[in-house]
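> From the sequence below, what's the structure:
(chains A, B, C and D)
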4 protein chains.
Amino acid sequence: MILILSPNITKSDERFTQLMDYLSGLPNIQTNMHAIQGEQQHLTEIYLLGETSSLNIEDMRSLPGVENAVRISQEYRVLGRHENDTRESGFEYNGVQFNQDNLNVFAGLCAVDNPQHVEEMMKALQSHGQVCTRMGAYKPRTSPYSFQGHGKSCLPYVFELAGKYGIKVIAMEITHDEHISEINQALEDTGHPTGVMLQIGTRNTQNFELLKAAGRQQEFPVLLKRGFGITLEESINAAEYLASEGNSKVIFALRGMKTNMGDPHRNLVDFAHVPVVKRLTRMPVCIDPSHSVGSRLATPDGIMDVMHVTAQGIIAGANMVLVDFHPHPKCALVDGPQALLLKELPYFLDDVAITREAYEKRCDLVDQFSKNN
Amino acid sequence: MILILSPNITKSDERFTQLMDYLSGLPNIQTNMHAIQGEQQHLTEIYLLGETSSLNIEDMRSLPGVENAVRISQEYRVLGRHENDTRESGFEYNGVQFNQDNLNVFAGLCAVDNPQHVEEMMKALQSHGQVCTRMGAYKPRTSPYSFQGHGKSCLPYVFELAGKYGIKVIAMEITHDEHISEINQALEDTGHPTGVMLQIGTRNTQNFELLKAAGRQQEFPVLLKRGFGITLEESINAAEYLASEGNSKVIFALRGMKTNMGDPHRNLVDFAHVPVVKRLTRMPVCIDPSHSVGSRLATPDGIMDVMHVTAQGIIAGANMVLVDFHPHPKCALVDGPQALLLKELPYFLDDVAITREAYEKRCDLVDQFSKNN
Amino acid sequence: MILILSPNITKSDERFTQLMDYLSGLPNIQTNMHAIQGEQQHLTEIYLLGETSSLNIEDMRSLPGVENAVRISQEYRVLGRHENDTRESGFEYNGVQFNQDNLNVFAGLCAVDNPQHVEEMMKALQSHGQVCTRMGAYKPRTSPYSFQGHGKSCLPYVFELAGKYGIKVIAMEITHDEHISEINQALEDTGHPTGVMLQIGTRNTQNFELLKAAGRQQEFPVLLKRGFGITLEESINAAEYLASEGNSKVIFALRGMKTNMGDPHRNLVDFAHVPVVKRLTRMPVCIDPSHSVGSRLATPDGIMDVMHVTAQGIIAGANMVLVDFHPHPKCALVDGPQALLLKELPYFLDDVAITREAYEKRCDLVDQFSKNN
Amino acid sequence: MILILSPNITKSDERFTQLMDYLSGLPNIQTNMHAIQGEQQHLTEIYLLGETSSLNIEDMRSLPGVENAVRISQEYRVLGRHENDTRESGFEYNGVQFNQDNLNVFAGLCAVDNPQHVEEMMKALQSHGQVCTRMGAYKPRTSPYSFQGHGKSCLPYVFELAGKYGIKVIAMEITHDEHISEINQALEDTGHPTGVMLQIGTRNTQNFELLKAAGRQQEFPVLLKRGFGITLEESINAAEYLASEGNSKVIFALRGMKTNMGDPHRNLVDFAHVPVVKRLTRMPVCIDPSHSVGSRLATPDGIMDVMHVTAQGIIAGANMVLVDFHPHPKCALVDGPQALLLKELPYFLDDVAITREAYEKRCDLVDQFSKNN
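Residues are numbered from 1 along each chain as shown, chains lettered A, B, ... in the order given. Okay, here's the model as predicted:
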């Protein structure tokens, strides 16, 4: 069961003390506290674990300082969307809102190669009003003999350039818990010119030790990609590892399933799961069209598949897009052939805007229909 | 190699005779003629098979009565989109256009149960301006002990009611070549009040004998669904069985891939392949959201998944939607739980319209972008 | 519920008449009779359908002429292995026994190409004591432009050569119900020199009309291959289509699942399902190592993968092996690269014998263990 | 290219110095040394990286101290089986041989629960002549709310009991690089009573940082399980991460692929890949029947599926079996329902012996056949 406290209640508040006293007296019940910093206010949630089935929900709602109580289902305790659970989704990070109702585009480099390319990318983003990007420093690769990313050595210039061009959040894949402290250190060293969203890739979806490490810190939000070869349920359970350790600033990313049934695309695009994740959990949902499609091929109507699948995610309510651009794809060290060109950035953003607008119209339509039926 | 003749040329035309004389003299080359009835004109294509690699394409273009010549790739000879192949896609049937540029909705009953339900459905369609529907008479079912459809006995009233309510085309699954003549006979008996599009389902995608039978007749167009457990390429090759027998009025339908990776949806929705099929072939592409999703569950924004995936198909250029409605889903004999309600029909059509409009804007945008780059 | 009558009871038997009279008086119960010709005796089973839950099983067992009664589960009514169901599995055809306890090898040509090759094959089989073979006359192929088999034209010489070399059963794929009468006719014309097991391939596993046609005749046994992209349960349900129409002489064949997870094998070999099919049903289980593996590659120990997977099927109790041989694989019109050579036939049979002997030892071992525990 | 030096050559050997001098003078060639401790002798291999295509292989074979030279293919540089590569496979660890020619059984507890169960297990193993076992201390679980294993706290008693009962090697899963030092420390603290084989599970197959950590140490051999949802090639590439860091004592384990096509088994058993891994690499191949099957269900012949699939692995040449036993499966904290009972241990070992003997006969048969053909 979750007790959601009245907004802005603090530990020194008398109601809080009374509440905790009461709770500590309940037999076979443990408590677990989660602090949530929203855009406007500070929220505290208290998880009650153990023999909660004997607790009466109305009694709990009437306890001092408690605004609401929600009985949680077995699965997805923290991130799940429980019955009669009207809590808001999402979080704010470094001035940017992430929730199930809005949309953020993270265009950028799959792999950082050199400062020039990073700067060209950042500059283009700023000139088109973007404050988020993706930048890969640590690259897990199928073969040990492939380029493995520049690692921590590139972090300082990436962060400084981000600051220079007004980038607020960089999505950056990590593959070991040490990378978190390396990123922390580099941000420290450069004076925190930007923010970082830790990205955990499909090869590490069930690397539970890495998830726990990313969950123990609450500084950085985490973008968790769905795993290959496991069910959606198992991947969402992996997200719950982050939350159960204390970090519920989690975004869930779809990136296609690896199977030859998806040929000629690189993966079988799974963006029909956007609504499913939004129904089962309160996580914002990200799509990764570049890795799903893996090419720049276009249809006879002139639109590239990578843009078609982006539109497919957005028309169904996706909240974030992770997309590969590169100033000079032919020089890209990783996944060049699928990257979009800088000159295509405004076109890409316009295409996204058309579809997002249509999604919003669809939401209005269903509201109207519901009212009349 | 394909020789596309000048429009409206006939077999009695002198140029035609000269051409055929010349072709018959080519060593190790066989010819194969395809007649295509377009909206405005009659087209003849001559397929040259055998040692065509020795033929000079410019020479062939200059032959009498030849308007264009296209060298075909090995695969998808008839339905494929070959290099420099600017032929139009699609066909007209019973006054309705089917091509890669437009959109037709086929809302209707998964399985015909009784005349009342059929009439309610048809009436609702007419009152919302629809001229196409789906009606299942022959139902292939996993277990031999499940309801197998009313078969030919229901055809007369289905066709008559269609005629009464102005329905031009009914998509109807067949599972045996005899069904073609049964349909033919019933149309004959009822005075051709409507038209039929033969639907070949996923269990019969590689039932080549059925494909050949549907390909040998040229009266009815065919809607071929993608097969489970085989690659997209193999399913498109199956479509080519229809065309190689003489019927190139073929629409290709996506309906999801069967794998637990798609849970909780019934299938893993594969509509990202809409642009792929349009790139590889000249077939219009249909989506089947009802069987892909298999439920009426909705997201917190209030929109059902089945409508989200419909939008995903349309935003990427799908040309046809096959969707289950039922006046009384609880009484439906097959797949009731996934059916939409009649009162949802106008809402569904409005939702489709919003997305289709967005798709068209996306096409305009890419045109503009291409012109400026 | 199934009533198993005393052996050799006939329709003219008084007990039979009494029984049927009684059954016809039961409310809401329909009966369905199955005649089973075993090696030694004639068995009659009566299926009771409808509201059987109200029947008392002990009462039914005491009816005249009834030896046993078995309550059937919902699924796999005829072919399933129900609780306390001790009926024997299998059948005899043309002097050859097929059941869950023995093993038959069907080595032969994937596709009949010419009489010489057929004769070389048959001769080799006879000289190594074999009385079964496989011979493909009707070949379903992915592309309409590939060789489709010689069809009915080759049947006479195939059957005559079979007779000449003492072959009792030929497994032969069919893809249309007409093929059954073509085979019947050719056997008639040639004086029934051999027998045929109708083979229904993976592309037609859910071609229910073909299954019904093969189920309506009771002359030929049927070998049904598991379907691609569907669950094992769905494929077994397809087998039940044969049985529900009256033909329970069905063998179920495993041939691998199509997925790139099986690379570099042609399919992901699924022979671990041999014991599963034997547990769920009373069908003998066949394995098709040639199509599963698709190559002649060998391990460092010198044994080809195709023989390794054959051994894997047999060590787990497979009852039939369908394997491609060819006198001159380089000239084979279909699947030559995977075929074994005639000179490898005795080696193959010896390898099979080693493994079968080990399987039998394993059965003895478990018997001993069960007795002592 | 790999230069294999004459056995027992040391760095102080004059030939070694001459060789290294020569190699250091080659333009654009880097060298990388691997020491391999075999049963009888010490082997040194020198990997030449860079522009090796210009080197003449005969020249390299004639260099001082070089016994043989092998040109390596791009993939699987260290672990792969290259053309004309006659090097032996495998290694010795703590007195136990692991190679592609022999067979070791690792029966034991999926998860350590308490000292009593560990002791019962170890005692049973010793009394049946076993010197290897499996013991899970760190358990990665799908849900963060499931039991995660006793971790390092149980290591001391596990190691001491192993020593008491003569166990030489314990396969133990690790999920973080710290676990390696924890194991190291516990072995140190308890006086090295036994040895450990580090097991990396399917969730971490592409956790490259963990692989690198396990590859940097050369004390413990590593058992790497195949990953879900990725190709066999990708999983073998993951093994190469271990070897490229310096540890080539690697065993590759098959454990089934996660897909509903495997139902009712827990996974689709993939042991047909045993011969494939032996052909592509020099790694011994392990099978994990317990996790593949996931139940104790048996066929009508009385043999459990888990034993059938064990036999399937062994008859095709598997070199190691990882199998779950438990003294009291109902009390097991993880995967109890699939565990075998202690009283079944001798029966299991006898069943394994029957099949292994058959495999060896198959090897003799192919040798004989090869000699005569």
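
> mind listing what whichever residue of the stretch 151-300 of chain A sits closest to chain D touches?
At 1.6 Å from chain D, A:Gly229 is the closest residue in the stretch 151-300 of chain A, using CB to the nearest CB. Every residue, glycine included, has its C-beta placed from N, CA and C. By CB atoms under 8 Å, 6 or more residues apart in numbering or on different chains, A:Gly229 lies in contact with A:Met257, A:Lys258, B:Met261, D:Gly227, D:Phe228, D:Gly229, D:Ile230, D:Met257, D:Lys258, D:Thr259.

> Which of the residues you listed sits closest to chain C?
Of all these, chain C sits closest to D:Met257, with 5.0 Å by CB to the nearest CB.

> what's whichever strand or helix holds A:Ser181 packed up against?
Using DSSP states H and E, A:Ser181 maps to helix A:177-189. Under the contact criterion of 3 or more CB pairs under 8 Å, 6 or more residues apart in numbering or on different chains; DSSP states H and E, helix A:177-189 touches helix A:155-164, strand A:195-200, helix A:208-216.

> shaky segments in chain A?
By pLDDT under 70, the low-scoring segments of chain A are A:37-40, A:73-74.

> Can you find the residue of it that comes nearest to chain C?
The minimum distance from chain A to chain C, using CB to the nearest CB, falls at A:Asn260 (3.9 Å).

> Give me the phi and psi angles of the residue lying closest to that residue once chain neighbours are set aside.
Nearest non-adjacent residue to A:Asn260, counting by CB to CB, 6 or more residues apart in numbering or on different chains: C:Asn260, 3.9 Å away. Backbone torsions for C:Asn260, taken as degrees, to the nearest 10, come to phi -70, psi -10.

> Distance-wise, check C:Asn260 relative to A:Ala272.
Noted for C:Asn260: a distance of 22 Å to A:Ala272, by CB to CB, to the nearest Å.

> For those two, indicate the residue with more neighbours.
More neighbours surround A:Ala272 than the other of C:Asn260 and A:Ala272, with 28 against 18 (other CB atoms under 10 Å in any protein chain shown).

> secondary structure class for the more buried one?
Following DSSP: H, G, I helix; E, B strand; the rest coil, the label given to A:Ala272 is helix.

> Thought A:Leu161 was touching A:Thr190, still the case?
No. Applying CB atoms under 8 Å as the test, A:Thr190 and A:Leu161 come out as separate, 10.0 Å apart.

> who has more neighbours, these two?
For A:Thr190 and A:Leu161, the more surrounded residue by other CB under 10 Å is A:Leu161, and the numbers stand at 21 against 17.

> list the contacts for the more buried one?
Taking CB under 8 Å, 6+ apart as the criterion, A:Leu161 is in contact with A:Pro115, A:Val118, A:Glu119, A:Met122.

> what about 10 Å?
By CB atoms under 10 Å, 6 or more residues apart in numbering or on different chains, A:Leu161 lies in contact with A:Pro115, A:Val118, A:Glu119, A:Glu120, A:Met121, A:Met122, A:Lys123, A:Thr133, A:Met135, A:Ile167, A:Pro193, A:Thr194.

> ok, the residue nearest the centre of chain A to chain B distance?
The residue lying closest to the centre of chain A (CA atoms, centre = their mean) is A:Ile251, at 2.1 Å. A:Ile251 sits 16 Å away from chain B, going by CB to the nearest CB, to the nearest Å.

> which element is that residue on?
Secondary structure from DSSP H and E places A:Ile251 in strand A:250-254.

> Helix, strand, or coil at the residue of the stretch 1-150 of chain A found nearest chain D?
Closest to chain D within the stretch 1-150 of chain A is A:Pro144: 4.1 Å, counting by CB to the nearest CB. For A:Pro144, the secondary structure call by three-state DSSP comes out as coil.

> so it touches D:Arg77, yeah?
Yes. Assessed by CB atoms under 10 Å, A:Pro144 is found in contact with D:Arg77 at 8.7 Å.

> ok so, going back, give me the buried subset of the contacts of A:Leu161.
A:Val118, A:Glu119, A:Glu120, A:Met121, A:Met122, A:Thr133, A:Met135, A:Ile167, A:Pro193, A:Thr194 (16 or more other CB atoms under 10 Å in any protein chain shown).

> Can I get the residues you listed in a markdown table including distance to chain C and secondary structure?
Shown next, in a markdown table, are the buried ones among the contacts of A:Leu161 (distance: CB to the nearest CB, whole Å; DSSP: H, G, I helix; E, B strand; the rest coil):
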| residue | distance to chain C | secondary structure |
| --- | --- | --- |
| A:Val118 | 36 | helix |
| A:Glu119 | 40 | helix |
| A:Glu120 | 37 | helix |
| A:Met121 | 34 | helix |
| A:Met122 | 38 | helix |
| A:Thr133 | 33 | strand |
| A:Met135 | 31 | strand |
| A:Ile167 | 39 | coil |
| A:Pro193 | 44 | coil |
| A:Thr194 | 40 | coil |
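
> now, among these, which is nearest to D:Ile287?
For the buried ones among the contacts of A:Leu161, the closest approach to D:Ile287 (CB to CB) belongs to A:Met135, at 42.3 Å.

> Bridging across strands, which residues link to that closest one?
Per DSSP bridges, residues listed as beta-bridge partners of A:Met135: A:Leu109.

> Enumerate the residues of the stretch 251-373 of chain A near chain D.
Counting by CB under 10 Å from any CB of the partner chain, the residues of the stretch 251-373 of chain A close to chain D are A:Met257, A:Lys258, A:Thr259, A:Asn260.

> can you redo these as a markdown table with distance to D:Pro289 and secondary structure?
As requested, those are exported to a markdown table (distance: CB to CB, whole Å; DSSP: H, G, I helix; E, B strand; the rest coil):
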| residue | distance to D:Pro289 | secondary structure |
| --- | --- | --- |
| A:Met257 | 27 | strand |
| A:Lys258 | 25 | coil |
| A:Thr259 | 25 | coil |
| A:Asn260 | 27 | helix |
